[in-house]
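Chemist: Structure for this input, please:
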Amino acid sequence: MRTMPFQEPARLLFHLSGVSRVVLERFEGNGMAGGGEWDIPTELIPHELRAPGARFLLVGQFVRPETGDTAAELREAVRTLRVEAIGE
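Modeler: Numbers count the residues shown, from 1 in each chain. Here you go, the predicted model:
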C-alpha cells in the first residue's frame, strides 16, 4: 500500500451516535461535493476539544491500496488518524 501523511486544520460541526462531523477548513465553502466534511469516531477527539465549533488538527495518512494488501493491513493503516490541539 502507498501512504501519504497529512495534517489538516478542522472544525467540529456536531456529534451523532458516536460519530462526529468535522469540516476541513481548507476545503470549507469552496464548492466541493461534501464541502470537505468527514465523519470520524467521537472517541478520537479529546474531551476538551469536543465542543461544537472547536478547532483542531487531524493528523493521519491517506491510504492507496495495492494488490496483495490484506483487509487487516488496510484497517490498521486507516486507524492511524488522531486529533491534536492546534499548536501542539
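Chemist: In which helix or strand does the most centrally placed residue in the chain reside?
Modeler: Among the residues of the chain, the one closest to the centroid is L58, at 5.1 Å (CA atoms, centre = their mean). According to DSSP states H and E, L58 maps onto strand 55-64.
Chemist: same for the following helix or strand past that strand, what does it pack against?
Modeler: Note on strand 55-64: by DSSP H and E, the next helix or strand toward the C-terminus is helix 71-78. Counting by 3 or more CB pairs under 8 Å, 6 or more residues apart in numbering; DSSP states H and E, the packing neighbours recorded for helix 71-78 are strand 55-64. C-beta here means a position set from N, CA and C on the backbone, and glycine is covered the same way.
Chemist: residue ranges with poor pLDDT in the protein?
Modeler: Within the chain, the stretches with pLDDT under 70 are 29-35, 88.
Chemist: Looks like P52 contacts S20 (just checking).
Modeler: No. Contact criterion CB atoms under 8 Å: P52 and S20 do not qualify, at 9.3 Å.
Chemist: The strand holding L58 vs helix 71-78, what angle?
Modeler: With axes from the mean of the first three to the mean of the last three CA atoms, to 10 degrees defining the directions, strand 55-64 sits at 150 degrees from helix 71-78.
Chemist: Return the distance of strand 55-64 from the chain's centre.
Modeler: 5 Å (CA atoms, centre = their mean, to the nearest Å).
Chemist: How about stretch 65-73?
Modeler: 21 Å.
Chemist: hey, what's L57 bridged with?
Modeler: Beta bridges link L57 to P9, E84 when assigned by DSSP bridges.
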